[in-house]
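> Below are the sequence and a predicted model; questions follow.
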Amino acid sequence: MATAQVRVPEQSLTGWSGFDGLVQLISVDGQRTLGCPYWDLVADVGAPQLRDLYTDMVVVRRLDAEAMALQRQGELALWAPLLGQEAAQVGSARALRPDDFVFPSYREHGVAYCRGVDPVAMLRLWRGTGLSGWDPAAFGIATPAIVVGSQVLHATGYALGIALDGASSAALAYFGDGATSEGDVAEAFGFAASYTVPVVFFCQNNQWAISEPARLQSRASIAARGQGYGIPGIEVDGNDVLAVLAATRLALGRAYAGRGPTLIEAVTYRMGPHTTSDDPTRYRTRAEEEEWRAKDPLARLGALLRSEGLADDGFEACVDDAAEAAAAALRRGCLAMDDPEPDALFDHVYADPHLLLEDERAAYADYLAGFDEES
Amino acid sequence: MATMSLGKALNAGLRRAMERDPKVVLMGEDIGRLGGVFRVTDGLLRDFGDHRVIDTPLAESGVVGTAVGLAMRGFRPVCEIQFDGFVYPAFDQIVSQVAKFRFRNEGRVAMPVTIRVPYGGGIGAVEHHSESPEAYFAHTAGLRVVTPSNAADGHRMIQQAIASDDPVVFFEPKRRYWEKGEVDDGAPVSGVPLHRGEVVVEGSDVTVVAYGPLVATALDAARIGEEEGTSIEVIDLRSLSPLDFETVEESVRKTGRLVVAHEAPVFCGLGAEIAARVSERCFYHLESPVRRVGGFATPYPPSRLERHYLPDADRILAEVDRCLLG
């Protein structure tokens, strides 16, 4: 795993500087790493919070598996699994306040879950009953962006709005290693730095953009890229939920304090396919997958909880029950989802009636009514 | 009433919109201290401050993409794209995001973004500064596309575009920026809907439909036609999406002949859509095939050739004559 020389900003809220390299608070075998200044940022995270983080991760993994199964059974047209990225998503999302606003890409089911979105609503996009599934303002999270990188500019604009309003919240944009090659991401970095807006750029480097390895997007560390824009970068172990929580808190703290954008690269791994239409055996090795399986984010936190006596069989059973109940509710909700009526085609294209569209709506309704008359 | 140029009228309209709604913010390249390369935003930075008039980095996708985020935050951004040929870097954000956001979010998110684009030729400019890309945007569901041809319409329509909860691509005929007209700057915005076209000159022999920079050209053609004994009715479309087809249809039913003129290439231009709809809706009123006059199927030429590329009154009249011959 590449470790670049990335520094915590000198003006960081807690005042330390000069921490180089990958931020990790829990080692791969589930032990607390000592001496990392980022521990200060999660000093309040005790046993209950650790158990909650673990529960979140188990539940979102179970929901993800259920959605995969629903796709295989023909109930969803497609699914983009988050398997392997639970710590990156839960750790960052649990750092947010309700008044922050998230701009996800299309794989952030774990983030949406943490924001309070009903998982059944997340399926609408993938079942094809809608192009989204929830009210962004109600949950503080935009609906999925499928054009990679496009949402990073939206987050920057939203953050500019926060600054213009004189508010002290932040916007957080999720994007992948592939998106970092998009011009929109580069433009977002430029705008955010120029205007010093309260935005966190959260890159989940899951090593693969469908079949293209991260090294095809960039030969240098993604976290280091911010420095050319004057944006501090943090490279964090994306499979370490505590380290992700700490890094995101640091970045959000800078945003709230008016210190501008921060770029976080969460180094993680997409353990599953890009989507249910993908076949990773065509482009990556079993050995590589095994190497990352050993760094599984759930196993790591589970080992820590066990080794510190914070989890026992009873706790595990409770978590599993919660996950199974969530999965069952997801399945029930999915199967109960009806197709929209044809007239919905014409709704919400415009705020005010549009002459052409209203003509087409009426003509198509007449056309459909013709079938009723025939039968 | 005051006499002012189209550019000044747009400036005054922007000022009114900003006074009316504190959520209106302007953003674009060189719009602040410079007042825009055409001075359309002149004086607005001074009077409203840099939190309302925002000079941006040189990144058109960035301008429009950040406007999307501002709109989600409750702002009403007005983006300036400096020249027509520079709108393409923003094409993805306009077509894939601005246009689709409301539909994608089932009406839960409004996208009241106005994108101002000075367009068209005739100013002797270098490449990428004279194009007419309106058909790309009119083709895209979710956008409204409008273009004023004169100062009074510019003053009214820019305020209506900004007040609209739909995204509006607002094409400004740059070679007409300096042409003057009567504007009532103090009056409330009139009740003419934003999508409504107008019969500018009535006639009985042939209808000429034009918009933006070619309305004045069509009026020239009508004057010459009158001297030559041909009565030409001129329609200023004003709105390209939606099209005010009622106004066009009513006129064609009267004259039986139609010429559509625009600077954009004829192929797949607005004229094609209008011709198709006329044939669908008033075929039996037509005395001759619908004729189109516009740019050629070439890239925009060097400026010493543009007088051959841009339709002038004579080229419009040549098509009028062909209509009259049957």
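Alright, I've got the coordinates. Numbers count the residues shown, from 1 in each chain, chains lettered A, B, ... in the order given.
> Just the element for residue 314, please.
Chain wasn't specified; assuming chain A. Assigned by DSSP states H and E, A:Gly314 belongs to helix A:313-335.
> Hmm, no, I was thinking of chain B.
Counting by DSSP H and E, B:Asp314 is part of helix B:313-324.
> Which positions within that helix qualify as buried?
Neighbour-count burial for helix B:313-324 flags B:313, B:315-317, B:319-320, B:323 (criterion: 16 or more other C-beta atoms under 10 Å in any protein chain shown). (Glycine included, C-beta is placed from N, CA and C.)
> doesn't B:Glu233 fall inside a strand?
Yes. The assignment for B:Glu233 by DSSP: H, G, I helix; E, B strand; the rest coil puts it in a strand.
> hmm, back to that, farthest-apart pair in the buried residues of helix B:313-324, please.
Within the buried residues of helix B:313-324, B:Ala313 and B:Cys323 form the most distant pair, 15.3 Å apart (C-beta to C-beta).
> so who does residue 33 touch?
Went with chain A since none was named. A:24-27 (C-beta atoms under 8 Å, 6 or more residues apart in numbering or on different chains).
> wrong one, chain B
Counting by C-beta under 8 Å, 6+ apart, B:Arg33 has contacts B:45, B:55.
> and the nearest residue to A:Ala351 once chain neighbours are set aside, how many residues sit next to it?
In space, A:Ala351 comes closest to B:Asp165 once its chain neighbours are excluded; the distance is 3.6 Å by C-beta to C-beta, 6 or more residues apart in numbering or on different chains. B:Asp165 is flanked by 13 other residues according to other C-beta atoms under 10 Å in any protein chain shown.
> Ok, B:Leu325 next?
B:Leu325, neighbours per other C-beta under 10 Å, totals 7.
> Quick one: residues contacting the nearest residue to it once chain neighbours are set aside.
Of all residues not flanking B:Leu325 in the chain, B:Ser288 sits nearest, at 7.6 Å (C-beta to C-beta, 6+ apart). Applying C-beta under 8 Å, 6+ apart, we find B:Ser288 in contact with B:256-257, B:322-326.
> what does B:Glu134 give?
So B:Glu134 contacts B:119, B:145, B:147, B:169, B:171, B:212, B:240, B:262, B:264, B:270 (C-beta under 8 Å, 6+ apart).
> doesn't B:Arg176 make contact with the third one?
The reference is to B:Thr147. No. Using C-beta atoms under 8 Å, B:Thr147 makes no contact with B:Arg176, being 10.2 Å away.
> what's residue 251 sitting at in phi/psi?
Just so you know, I chose chain A. Backbone dihedrals for A:Ala251, given as degrees, to the nearest 10, come out at phi -70, psi -40.
> I'd say it and A:Gly233 touch.
No. With contacts counted by C-beta under 8 Å, A:Ala251 stays clear of A:Gly233, the gap being 9.9 Å.
> Identify the contacts common to these two.
With C-beta under 8 Å, 6+ apart as the test, A:Ala251 and A:Gly233 both reach A:262, A:264.
> Neighbour count: the two, which is higher?
A:Ala251 (31 against 25).
> Which per-residue confidence value corresponds to that one?
Per-residue confidence at A:Ala251 stands at 97 (pLDDT).
> That one - nearest residue in space that isn't next to it in sequence?
A:Thr262 (3.6 Å).
> which residue ranges form the strands in the stretch 251-375 of chain A?
A:262-267 (DSSP state E, counting those that start in this stretch).
> Get me the contact residues on it for chain B.
Contact residues (C-beta under 8 Å from any C-beta of the partner chain) of the stretch 251-375 of chain A with chain B: A:347-352, A:354-357.
> From those, list the buried ones, please.
The neighbour count (16+ other C-beta under 10 Å) marks A:348-351, A:354-357 as buried among those.
> For those, please prepare TSV with the additional fields distance to A:Leu41 and pLDDT.
Formatted as TSV, these follow (distance: C-beta to C-beta, whole Å; pLDDT from 0 to 100):
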residue	distance to A:Leu41	pLDDT
A:His348	42	97
A:Val349	45	97
A:Tyr350	46	97
A:Ala351	43	97
A:His354	50	92
A:Leu355	56	90
A:Leu356	54	92
A:Leu357	51	94
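> what's the closest of those residues to B:Glu246?
Using C-beta to C-beta, these come closest to B:Glu246 at A:Leu355, 8.2 Å.
> and that closest one, what is it in contact with?
A:Leu355 touches B:195, B:242-245, counting by C-beta under 8 Å, 6+ apart.
> cool, and B:Met18?
B:24, B:26, B:44, B:48, B:52.
> picking up where we left off before, would you turn the residues of the stretch 251-375 of chain A next to chain B into JSON lines with distance to B:Thr3?
Listed next are these as JSON lines, based on distance: C-beta to C-beta, whole Å:
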{"residue": "A:Asp347", "distance to B:Thr3": "45"}
{"residue": "A:His348", "distance to B:Thr3": "43"}
{"residue": "A:Val349", "distance to B:Thr3": "40"}
{"residue": "A:Tyr350", "distance to B:Thr3": "36"}
{"residue": "A:Ala351", "distance to B:Thr3": "35"}
{"residue": "A:Asp352", "distance to B:Thr3": "33"}
{"residue": "A:His354", "distance to B:Thr3": "35"}
{"residue": "A:Leu355", "distance to B:Thr3": "33"}
{"residue": "A:Leu356", "distance to B:Thr3": "36"}
{"residue": "A:Leu357", "distance to B:Thr3": "39"}
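> Does the one helix or strand B:Val200 maps to reach chain A?
Using DSSP H and E, B:Val200 maps to strand B:198-201. No. Legend: contact between strand B:198-201 and chain A by C-beta under 8 Å from any C-beta is lacking; minimum distance shown is 15.5 Å.
> Also stretch B:260-279?
No. Stretch B:260-279 does not reach chain A (C-beta under 8 Å from any C-beta); its nearest approach is 9.6 Å.
> So what touches that stretch?
Residues from elsewhere that reach stretch B:260-279 (C-beta under 8 Å, 6+ apart): B:120-121, B:132-135, B:138, B:208-214, B:217-218, B:237, B:240, B:243, B:245, B:248-249, B:252, B:258, B:286, B:290-298, B:310-311, B:316, B:319.
> let's see 7 Å
B:120-121, B:132, B:134-135, B:138, B:208-211, B:213-214, B:218, B:240, B:245, B:248, B:252, B:258, B:290, B:292-297, B:310-311, B:316 (C-beta atoms under 7 Å, 6 or more residues apart in numbering or on different chains).
> So which of those belong to strands?
Among the contacts of stretch B:260-279, the members falling in strands (DSSP state E) are B:208-210, B:240, B:258, B:292-295.
> ranking those by neighbours, who comes first?
Busiest of the ones in strands among the contacts of stretch B:260-279 [other C-beta under 10 Å] is B:Val208, holding 33 neighbours.
> Understood, closing this out.
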